[in-house]
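Peer 1: Pasting the sequence and the predicted model now:
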Amino acid sequence: TALMALVLVLALSRGGWAAAFFGLTFMATVLITSPHFSRKKLVLSLFGVGLVLILLVLSSTPVVERMLTLEQPLGPRGATAGRVAVWSGVLRMIQDYPLTGIGPGNFANVFEQYHPPADNRQIFAHNDYLQSVAVAGVLTIPIMAWMAVATYRRVFKKFKNDSRLVRGTTLGALSGITAILVHSMFDFNLRIPANALLFTVLVALVVSPVPLGNSKKLGRPSSNI
């Protein structure tokens, strides 16, 4: 945990900070509301201490300067306005290629026609969801929605499992998935092979069935799995 916190601070990634906050908030919420978890006061205390530490880190000069760069990188418009301009271009691209999309590997070249004027050349949409739709078409939307619903439904069933190992592994993996999904709204996490591989492993942990052969070790009768 200390190593992860140190990496987040040194990376100076605003999206990473937001993703970590939402992922940990999700984890704390599940633990507090879980009937299987009894140390709710401990979680609340740790969460409070974490918020204090976050505020202390955010008050440091380098972090404040990084937060102020929301109005600087990603082109002359600044990070926020620059992303909005890129997203507008991607939406126009989707309107022109709604069903088939532009095809895998073509985003950087095709986007040249929709690129915001005077901005730095962008080879990603800075939004994994928009880029997926632009590449594969609008039919990607129901597929992504189905995948998300199916994954989270499977997870909440596992949260009812009697095994603490099953519940803990599932909660940890889903918290990581939630963090990546949040970060993907503002960046291109799933276009980075290492992040995409990690995301795939976490999803596999979540949706994998509880092994029947290990039911006794997991603390639940096999007939109830």
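Peer 2: Sure, I can see it. Residues are numbered from 1 along each chain as shown.

Peer 1: next structured bit after the lowest-mean-pLDDT helix or strand in the chain?
Peer 2: Taking mean pLDDT, DSSP states H and E as the measure, the helix or strand of the chain with the lowest value is helix 61-68, at a mean of 55. Using DSSP states H and E, the helix or strand that directly follows helix 61-68 along the chain is helix 79-96.

Peer 1: Tell me which residues are up against the helix or strand just after that next one.
Peer 2: Beyond helix 79-96 in the direction of the C-terminus, DSSP H and E gives the next helix or strand as helix 107-110. Contacts of helix 107-110 from elsewhere in the structure, counted by CB atoms under 8 Å, 6 or more residues apart in numbering, are Met93, Ile102, Ile123, Phe124, Ala125, Gln131, Ala134, Val135. C-beta coordinates here come from the backbone N, C-alpha and C atoms, glycine included.

Peer 1: Out of those residues, which end up buried?
Peer 2: Neighbour counting with 16 or more other CB atoms under 10 Å marks Met93, Ile102, Phe124, Ala125, Gln131, Ala134, Val135 as buried within the contacts of helix 107-110.

Peer 1: For the last one, give me its contacts.
Peer 2: What it means is Val135. Gly101, Ile102, Gly103, Pro104, Asn106, Phe107.

Peer 1: in what helix or strand does it lie?
Peer 2: Under the criterion of DSSP H and E, Val135 resides in helix 128-136.

Peer 1: Please name every helix or strand in contact with the next helix-or-strand element following that helix.
Peer 2: Elements were assigned by DSSP H and E; along the chain past helix 128-136, the next helix or strand is helix 140-158. In this structure, helix 140-158 makes packing contacts with helix 128-136, helix 164-183, helix 193-207, judged by 3 or more CB pairs under 8 Å, 6 or more residues apart in numbering; DSSP states H and E.

Peer 1: where's the second one relative to the chain centroid, distance-wise?
Peer 2: Centroid displacement of helix 164-183 relative to its chain, using CA atoms, centre = their mean, to the nearest Å, is 10 Å.

Peer 1: Repeat that for stretch 126-135.
Peer 2: Relative to the chain's own centre, stretch 126-135 is displaced by 14 Å; criterion: CA atoms, centre = their mean.

Peer 1: If you count neighbours, what's buried in that stretch?
Peer 2: In stretch 126-135, residues buried by neighbour count (16+ other CB under 10 Å) are His126, Asn127, Asp128, Leu130, Gln131, Ser132, Val133, Ala134, Val135.

Peer 1: now the residue positioned nearest the centre of the chain: how far from His36?
Peer 2: Against the mean C-alpha coordinate of the chain, by CA atoms, centre = their mean, the closest residue is Ile180 at 1.7 Å. To His36, Ile180 is 26 Å away according to CB to CB, to the nearest Å.

Peer 1: what's near enough to touch Gly89?
Peer 2: With CB under 8 Å, 6+ apart, Gly89 has these contacts: Phe111, Tyr114, His115, Pro116.

Peer 1: per-residue confidence at it?
Peer 2: The predicted local distance difference test score for Gly89 is 86.

Peer 1: so where is the protein shaky, pLDDT-wise?
Peer 2: Along the chain, the model assigns pLDDT under 70 to residues 54-80, 118-120, 212-225.
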